[in-house]
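A.B. asks: Mind folding the following:
(one chain, ligands or ions: 1)
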Amino acid sequence: MEVYEKIFASVAAAILVLFLGALAYGALVLKINLPGHGEVISPGPGENLAVAVLKTPPFNTPGVKQVSPGKYEAAIMAQAWSFMPAEMDIPAGSELTFKVTSVDVTHGFFIPGTTVNMMVIPGHVSLETYRFEKPGTYLLLCHEYCGMLHHTMVGKVVVK
Ligand SMILES: [Cu+2]
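C.D. replies: Alright, predicted model coming up:
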């Protein structure tokens, strides 16, 4: 084997190991995972998706609920161009599981400074859990272009 061949082959192998290592580090150490994919809500014949979503638990009672000590769950409906509810209040140090669905087009669900970053697909329930340690107001953004007033589609998580 030529000496250059050996160099190229070992550089290619090193890059592969480096990338797989970065992937493992992100998933296992930084705990960056794909948002869990929950159930699918399908409307009945002639039924509007928004109507079907509003009839399906937990979206029939949107908002934050305590499920156990230190654990909360938020049912959120995304629609052009708002999140319902747009504000979630939880105590510092608690874990919040977001259950989000869209009733019209694909939206984004992104909280900068956290690992919450999901795509919200109409009729599909996107799941993501995050522990909010530091008190403060966390901005929630739609980061998937969803129409004319996309830039106004915001919400917040208030951690006290
Ligand atoms: Cu948007």
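A.B. asks: Break this structure down into its domains, please.
C.D. replies: Each structural domain of the chain that the record assigns through automatic domain parsing is listed here as a residue range: 1-32, 35-159.
A.B. asks: hey, which of the ones you listed is tucked in deepest?
C.D. replies: Per residue and on average, the most neighbours among the domains of the chain fall to domain 35-159, with a mean of 16 (mean count of other Cβ atoms under 10 Å). Using the backbone N, CA and C atoms, a C-beta is placed for each residue, glycine as well.
A.B. asks: Out of the domains of the chain, flag the one nearest the ion.
C.D. replies: Evaluated with Cβ to the ion, these place domain 35-159 nearest to the ion, the distance being 3.3 Å.
A.B. asks: which residues of this structure fall in helices?
C.D. replies: 3-24, 49-55 (DSSP state H).
A.B. asks: Lowest average confidence across those, which one?
C.D. replies: The weakest mean pLDDT among those belongs to helix 49-55, with a mean of 90.
A.B. asks: packing partners for it?
C.D. replies: In terms of contacts (3 or more Cβ pairs under 8 Å, 6 or more residues apart in numbering; DSSP states H and E), helix 49-55 is packed against strand 71-79.
A.B. asks: hmm, the strand it packs on touching the ion?
C.D. replies: No. Judged by Cβ under 5 Å from the ion, strand 71-79 and the ion are separated, with a smallest distance of 8.3 Å.
A.B. asks: Name the nearest residue to Pro58, ignoring sequence neighbours.
C.D. replies: Ala75 (3.8 Å; Cβ to Cβ, 6 or more residues apart in numbering).
A.B. asks: List the residues that contact the one you found.
C.D. replies: For Ala75, the contacting residues are 58-59, 61-63, 65, 99, by Cβ atoms under 8 Å, 6 or more residues apart in numbering.
A.B. asks: List just the nearest of these to Ile15.
C.D. replies: Lys99 (38.6 Å; Cβ to Cβ).
A.B. asks: The residue lying closest to the closest one once chain neighbours are set aside and Pro62: what is the separation?
C.D. replies: Ranked by Cβ to Cβ, 6+ apart and with sequence neighbours excluded, the top spatial neighbour of Lys99 is Ala75, at 5.1 Å. Look at Ala75 and Pro62: by Cβ to Cβ, to the nearest Å, they are 5 Å apart.
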